[in-house]
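> What would the 3D arrangement of this be:
(one chain, ligands or ions: 1)
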Amino acid sequence: MSSGARFQAQPQSVKLYDFHPPMEDFRSAVLQGLAQPQKALSAKFLYDKRGSELFDAICQLPEYYLTRTEMAILRAHTEDIARALNHRVLVELGSGSSQKIRILLQAAPQVHTYVGVDISRQHLQESCLALMQDFDGLETIALCADYTQPLPLDQVPELHQRPTLGFFPGSSIGNLEPADAVAFLKTVAGLGELIVGVDLKKSASLLEPAYDDAQGISAAFALNLLTRINRELGANFDLSQFTYQAHYNEAAGRIEMAIVSLADQGVAIGDAEISFTQGETLRTEYSYKYTVEEFQLLAMEAGFQPIEVWVDPDQHFSLHHLKHF
Ligand SMILES: C[S@@+](CC[C@H](N)C(=O)[O-])C[C@H]1O[C@@H](n2cnc3c(N)ncnc32)[C@H](O)[C@@H]1O
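I've put the predicted structure just below:
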């Protein structure tokens with residue numbers, strides 16, 4: 001992307017506040033998650049460097065309507081959104097490759113500070129650097145942290161400036177169980193205002209291919225978790241003995257993504273031995289879907305007031321502007 005006046009020729013380094021969780025947390029979460037009757041790991045572990053690259057590839061897939069629809073909403077309502085933006089500091093939660101924020105930054109030249117928050121440290125730094133190079137004069141901060149834990153926002157002096165706006169795109173909030181989504185929103189209430197992207201309820205025939213594409217990128221993204229566990233925790237998962245599935249549980253309103261064992265097998269993770277039966281699943285991710293009203297109620301539970309909501313013409317995706325009073 002090049003934005004003319006904001007182009008900056010000289011790359012500089014991005015200021016990093018590094019609160020990346022220690023490896024020991026990963027080890028204990030994996031051992032605990034695999035010891036449960038329904039094996040399950042948090043979606044946050046999918047994002048090592050390779051996981052972030054695979055997620056970027058997912059965003060380009062024809063089946064993955066979420067990214068292009070959210071971008072289209074942002075573009076279609078840029079003027080509206082810009083009117084709502086009088087903020088000087090933008091904080092992007094789960095910032096990934098920081099693409100969508102570019103639309104907001106172009107619409108809001110008064111913003112002088114951007115804080116990208118993500119757990120995937122190297123990808124975060126690279127994305128923030130690219131943003132800084134493209135938006136001349138934008139103070140760009142990388143905050144590597146786990147937003148399922150209380151975020152260390154008070155330890156980032158740049159965030160003491162007001163007013164701030166939190167941007168949480170990609171329907172990442174759908175990865176959290178509804179009660180955890182409320183708890184999360186409460187932890188970021190101090191930001192004052194949020195724009196949150198939320199995927200809407202729709203038919204399984206549209207949802208399931210978005211999470212299990214024909215090229216197998218979604219499968220590779222999920223199975224990369226096993227590669228990560230092998231590399232970082234000294235495990236011996238044989239990836240040829242596992243496959244991937246995504247199913248829309250309509251009653252629960254969520255896509256359920258899982259790695260499936262193709263055989264009865266044992267896996268060593270360091271000194272621990274984990275057994276899988278044939279067909280047993282390891283849940284890697286939920287993606288909750290909401291109606292506009294359901295999400296507004298959830299936000300209100302966290303003390304936010306819905307200000308405005310933008311939806312695409314096909315009613316696939318919603319963008320909520322929320323204020324905390
Ligand atoms: C679904 S992707 C969305 C990326 C981007 N915001 C977009 O809209 O395309 C989720 C992003 O959140 C990050 N993430 C996931 N869980 C996280 C956590 N617990 N704390 C911080 N970042 C997290 C991932 O690394 C990834 O960049």
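> what does the stretch 1-150 of the chain have sitting close to the ligand?
44, 47, 52, 55, 59, 67, 94-96, 100, 118-120, 146-148 (C-beta under 6 Å from any ligand atom). C-beta coordinates here come from the backbone N, C-alpha and C atoms, glycine included.
> Return the subset of these lying in helices.
Among those, the members found in helices (DSSP state H) are 52, 55, 59, 67.
> Could you report the neighbour count for residue 264?
Residues contacting residue 264 under the criterion other C-beta atoms under 10 Å number 12.
> and it, what is it in contact with?
275-278 (C-beta atoms under 8 Å, 6 or more residues apart in numbering).
> Could you rerun that using 6 Å?
Residues in contact with residue 264 (C-beta atoms under 6 Å, 6 or more residues apart in numbering) are 277-278.
> That one and residue 136: what is the separation?
Using C-beta to C-beta, to the nearest Å, we find residue 264 at a distance of 59 Å from residue 136.
> same check, this time on residue 324
Counting by C-beta to C-beta - residue 324 and residue 136 are separated by 32 Å.
> again with residue 304
For residue 304, the distance to residue 136 under the criterion C-beta to C-beta works out to 33 Å.
> More neighbours: the two, which one.
Remark: of residue 304 and residue 136, residue 304 carries more neighbours, 25 against 14, as counted by other C-beta under 10 Å.
> Work out for me the element the closest residue to that one other than its chain neighbours sits within.
Leaving out its chain neighbours, the residue that sits closest to residue 304 by C-beta to C-beta, 6 or more residues apart in numbering is residue 322, at 4.0 Å. Applying DSSP states H and E as the criterion places residue 322 in strand 317-324.
> Please see if the longest helix along the chain touches the ligand.
Longest helix in the chain, counting residues (DSSP H): helix 217-233. No: using C-beta under 6 Å from any ligand atom, we find that helix 217-233 stays clear of the ligand, coming within 10.2 Å at best.
> what about that helix, average pLDDT?
The average pLDDT for helix 217-233 rounds to 98.
> OK, contacts around residue 138?
residue 114.
> ok, now residue 108?
By C-beta under 6 Å, 6+ apart, the contact list for residue 108 reads 82, 85.
> Which residue does the stretch 201-325 of the chain have closest to the ligand?
Per C-beta to the nearest ligand atom, residue 287 is where the stretch 201-325 of the chain lies closest to the ligand, at 8.7 Å.
> Mind pulling the model confidence for that residue?
98.
> Same check on residue 268?
Listed pLDDT for residue 268 reads 98.
> ok, now residue 2?
The model reports residue 2 with a pLDDT of 38.
> Then residue 10?
42.
> Equivalent analysis for residue 79, please.
Residue 79 is assigned a pLDDT of 87 by the prediction.
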